[in-house]
Each structure stands twice: as structure tokens, then as C-alpha cells.
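Q: Give me a 3D structure for the following:
(2 chains)
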Amino acid sequence: MRLPAPRRITVAQVLPGLAAAAVTAVILGISFERSGDVGAVVSFYTSFLTVAALLAIISLGLNIQWGYTGVFNFGVAAFFLVGAYTAAIVTKAPATAGFENYVGGFGEDLNVVPALATDQWFPFLVALLASATICGVLAFVLSIPTLRLREDYLAIAMIGVAELLRRITIEEHGLVNGTRALGGIPQPLSGLTSNADYKYIMLALALAALLLVFVALERGVRSPWGRVLRALREDELTTAASGKNVYAFKTQGFVLGAVIMGIGGAMFAFQSRAISPNTFTHFFATFLIWTMLIVGGSGNNRGAVLGAYVVWGFWQATQLIQTYDLPSVIALRISFIRDLTLGALIVIVLLLMPRGLLPEERRVSIWAERQVRRLRRPPRDGPDAPAAPAAADEAA
Amino acid sequence: MSTPDAAPILVVDDVTKAFGGVRAVNGCSLTVSGGSITGLIGPNGAGKTTLFNLITGFLKPTSGRISFRGTRIDGLPPHAIFQKGIVRTFQIPRELKSMTLLENLMLVPPAQSGERIWNPWFFAWRVSRQEEAIFAKAMQVLEFVDMLHLRDEYAANLSGGQKKLLELARTLMCNPQLILLDEPGAGVNRVLMKKLVTDIERLRRELNITFFLIEHDMDLITRLCDTVIVMSEGAKLAEGSAEEVKADARVLEAYLGGQYR
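A: The predicted structure is shown next:
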């Protein structure tokens, strides 16, 4: 039955690397061609990578919700927005009235021990915590009515919630400064370097946050906890018949995903320094993230990260093309053409590789895998080859 | 056959379930004795599966009471009923398709510390010890149902009969007291069926598990069951040994619609 496969490299094996390499080449190539200056390319690529890493965090959050728990959240923007705005109003100085009008502004109060340079890090830590907590609470509250809905209704409800929150940021003038946007958001550890070099610090912070989230999630999903989540995604009734509290676990997956989106949103606010309601449109803050997860491979954390990199690269490349002297027929319509190409990308991926660049792997919990490996280990006096996976008696 | 305890383990008392105007279960009362293998038969639409859904909490009764070992369980959610020691299988197997057999089984044991997210994050050793035990148990159960070689296979790739066996295997992962089997024999070939019968008898004998099973195959019923309950139109029609029930005129009438009277 299971014959030893000849060692041939398949397209599916090289495609993930190929896609990442292609995106990198295009980004570096165009930016070098346009500027002719290595320094400018490095600078551009650094901020590109930073944003990609932050969007990857949000994509990982969505992966927990959709890829593992099967909760069809089509309102990623809701948590992205709340995370970013929370971080902004926690770290900023109080509003000085006049042009600025927002609540919060605890930045200066949070410089609790100036001797330890707390102004450089403490407010940001508090902001991350606040973003995560508020997104978690929001998700919990939303889960009460929505998680009992069938998944398509849940998606519709979440679209509504995201748009509602965005409208609130616009209409409630005193809350987060409305459409005048929140600018001058402080950045963590900004005192360490000059303004020009700060982007490297931000990149390091973004990658560190991504790594932390990634490790936590990998450990989470490859545990009995993750096993229940995946079971839920497969079949809720069976999971209930296996004695699991379906609703409780669904809520946990939804809330954890939202917490991670909140962290990503907060970091995004620090990176971009200015956020406005227009940042968190469905297109950017929900659809783009979904594209990342689908292209990368839902149900695979590495896929979520790769997808974020590839899709963000694709999206940026289509923007870089605008710097060329395009015929006016195209130039006038370029923003719509960009949207169109992203739509085309998602359709192509769904048709050709519906499970994404890095499909979900057949992996059990870390501990179970350890046991399986122990069994597979050949006896000491046996041949070097790994034990055959019992192919002979599979014929039945 | 061992003699079942006289004490009823499960009591269904005047239970009704209405879906709009249709009363799928209509004033049904029956008892299942501890340690018995009790069969539940009846024509299509008699309400057998609905009754199972009511007992296991997948549906809430419109009226009536269900008790297990003297405590009421109607209205409890499915996982709470599972924790009391009642597990079930589904008539149409509902395997977790893109999970391996091993995972399908390792999911089941109750009170896994690793199901609390902070344990895998911060207290890995607790999870580790428990996973070892659950893994060993899963291997044991896989061996029992003779599917050890399929351990790392996706459940979706099993044959129909193997999926039925997986349903049974799942119930063995949690030391149940009462197992409800919904047509365990349907779609299972003769050889596998014989094995199923031996397995069920062995489980009852060795672990004193009570079985309550829906089945259309009278052969299987006759071979396996101490008591057979006949349901018709949402209520109990008759009860007795397989031979008694087969000879009962009312049962024939319920099945055949009365034209052979």
C-alpha cells in the first residue's frame, strides 16, 4: 500500500520558498531600480518587513480563530482597530484640546520610575497589555451572542461589528479624535537611537513579538487544548459527544485570537505613528488578512506567517508599480486595478492550491508525537532504516 | 450470559419531544438495567434516535424526566452527561476527518490538564505525564478494535465499517458506565459484525459496562441482547427477550402496518 516514495522534489515543496523569493526579488528589485541607492532599499525593506511581521501576528490570530477553531470571523478589523487605538490613547500625552480631542493619554503618568527610563518601555508594555485585555473582553462579550450562530451568520455579524466600531471612531469626536486621526503616537525604545535608525529597533521589536506569539501558538495548538479546537473545527457534535464543552472551547479560541490581533494592532500603532478610521477599512484590516491566511495555508502557523509576507509583498509591489510612468488609462484606475489583482490572487490560489502554500500538516500533540517517535525508533540491533510504518497489514 | 443487575441504571419517565407539531417521542417510559445489553428496535420513525439524542443531551425533552443512577440528567448539556459516564455513538459515523485515528481517540479522555491552555505553556510536565498515559490507552483501544496499523491515518480515509469501529473505540477511551450504540452493525460486514458482537460481550463481561443499542439486524439483536425494547410511534410498545418480542403480534403489526393480522 504505502510504497517508499521516490525522492523527487515536487512543485508543492518548492513553491513556498519560491513565492517568498519572488516577492523579495520584486520588492528589492523595483525599489533599487527606482532609487538606485542601496541605503534607500535597505530602509524601504526594513519598514516593509516590519509591517509584514505585524500583519503576520494578526494573521496568526485569525489562524487560531479560523484555521484551528473554525470560527468564521469576518471582522478582523474590529480587533485590529481596537488594539491599535487602545495602544495609541494609552501611550500618548493627554489631549491638548483645540485640534485634538481624545480620551486617555497616560503616557507621561506611566513614567513611574524615571531612573529606570520607564518612559521608554513601561507605557508600551501597559499599552500592549491593555490592547490585549480590551480585545479579549470585547471578543468575550461578542462571543455570547455570535458564537451560537451558524458560521455564515457569525461572519455577517462580525462584519457589522467591525464597521460599527469604525463608525464610532469617526462619529464620537471626543473619543479618538475622529477623522482628524491620532498622530504622534510615541514609539518604544525611541531614545536608543536617532530617528533615522529607529526603524531597525522597530523591526527587532516586531520580529520579537512575532516570534513570541508564534512559539506560544505552536505550543498551544500542538497540545491537548489545540486538539479540542481542531476537533471542534471538524465536527462540533462529535466533540460534544467526546465530553468537551463546545461553547467554552470555541470562546477560548475566539478570545485568544482576538487577544493576538490586539497585540498586533498595538504594535501596528507604534510602527505607523498615526492611525485614522480610514486605516481600518474592511479591505485592509479584514480582507487582506484573510488573503494572507488563505494564501499561506490556514491551519498552519508557518503558513500564516509566510502568507503575510507573500501577500504584503504582492500588495506593496503593486503599489511600487505606481511609481512608474504608466499610461493614463491605467494610472487613473491603478487603485482599482490593485484591488482587482488581489482578488485575482485569492481566486487563483483557491483554485490551484486551496489549502495554501503551506497546507496543514498531519501533526499530533508534541507529547503524543514524542511517544510515536519512541515506538518508531528501530531496535538497537535492527537495521539503520526507520521502522516501516506497518504497511504490510494495512491490506485489510 | 451473566445475569444483569436488577437495579435500573437508566430510567426514562414519560418523556415527550415535539418538533413543531410532530411528536417524535411521545410519552415514552422505559428502563435499562445495569450490566445488561438492552436492544432498542422499532420501525423507521419510531423515535429511537431521537430518544438517544434526548438521553445524551443533544436534545432537550419537551416534557418528562430522564435519570441515570438515580440523578436527573435531562436538560444537562452533552458534555455534562458524558462526564456522568454515558457515552454514545452516532448512527452515521461522525469521525474527525482531518485528524489521525490516534488524535480521534486521544481527544476523548475527560479532565485532561493539557486542555487548559496555560498548562502546555507553563506547566509542560503535567501535560507530558498525562499525555503518556492517554497515548498508552489509545494504543490499547486501537489494538482492541484491531486498527493499530491505522494509527497515523486520517479518519476520513477509513472504510465505512472501520468508521463504525472508530465510533465504538471512542467510547472506550473514557471508562464509561453506559454506552449507547446507534446501529453499530449497519454497513458492517459479517466478519466485522461477529467481532463487534464478541467485543461488546467482552466489554460487558470484563468491565461491567451497560449497553443500550439501536439495531435493525434481528440476528445481532438475538445474539447479543438480554432484553429487547420495541418502540413505535414515539413510545414503548413491548419489552422482553428477543424471542418473546419476535412473537408479539403488536410488534409485527407496528412493523408491517397491520395488513398481516
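Q: switch to C-alpha atoms for all contacts and neighbour counts from now on
A: Fine.
Q: tell me which parts of chain A are close to chain B?
A: Within chain A, the positions near chain B by C-alpha under 8 Å from any C-alpha of the partner chain are A:216, A:219-220, A:223-228, A:231, A:234-235, A:238, A:240-245, A:362, A:364, A:367-368, A:371, A:389-391, A:393-394.
Q: So which of those residues belong to helices?
A: Within the residues of chain A next to chain B, residues falling in helices by DSSP state H are A:216, A:219-220, A:224-228, A:231, A:234, A:238, A:240-241, A:367-368, A:371.
Q: which of those residues count as buried?
A: Burial by neighbour count, judged by 16 or more other C-alpha atoms under 10 Å in any protein chain shown, picks out A:219-220, A:224-228, A:231, A:234, A:238, A:240-241, A:367-368 from these.
Q: right, and the pair among these with maximum separation?
A: Maximum pairwise distance among those (C-alpha to C-alpha): 25.6 Å, between A:219 and A:241.
Q: Now do the contacts for residue B:167.
A: Neighbouring residues of residue B:167 by C-alpha atoms under 8 Å, 6 or more residues apart in numbering or on different chains: B:89-90, B:93-95.
Q: What residues of the host helix or strand of residue B:203 count as buried?
A: Assessed by DSSP states H and E, residue B:203 sits inside helix B:190-207. Of all the residues in helix B:190-207, those buried under the rule 16+ other C-alpha under 10 Å are B:192-193, B:196-197, B:200-201, B:204.
Q: what does stretch A:350-368 give?
A: So stretch A:350-368, judged by 16+ other C-alpha under 10 Å, has buried residues A:353-360, A:364-368.
Q: could the buried ones among the ones in helices among the residues of chain A next to chain B go into JSON lines alongside pLDDT?
A: Output for those, formatted as JSON lines (pLDDT from 0 to 100):
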{"residue": "A:219", "pLDDT": "93"}
{"residue": "A:220", "pLDDT": "93"}
{"residue": "A:224", "pLDDT": "95"}
{"residue": "A:225", "pLDDT": "95"}
{"residue": "A:226", "pLDDT": "94"}
{"residue": "A:227", "pLDDT": "95"}
{"residue": "A:228", "pLDDT": "96"}
{"residue": "A:231", "pLDDT": "95"}
{"residue": "A:234", "pLDDT": "93"}
{"residue": "A:238", "pLDDT": "94"}
{"residue": "A:240", "pLDDT": "93"}
{"residue": "A:241", "pLDDT": "93"}
{"residue": "A:367", "pLDDT": "87"}
{"residue": "A:368", "pLDDT": "87"}
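Q: ok, of those, which one's closest to chain B?
A: Proximity of these to chain B (C-alpha to the nearest C-alpha) peaks at residue A:225, which lies at 3.9 Å.
Q: So that closest one sits against residue B:118, correct?
A: No: if you go by C-alpha atoms under 8 Å, residue A:225 and residue B:118 don't touch, sitting 9.5 Å apart.
Q: And the pLDDT for the residue nearest to residue B:168 when sequence neighbours are not counted?
A: Nearest residue to residue B:168 in three dimensions, chain neighbours excluded: residue B:89, at 6.7 Å (C-alpha to C-alpha, 6 or more residues apart in numbering or on different chains). In this prediction, residue B:89 carries a pLDDT score of 92.
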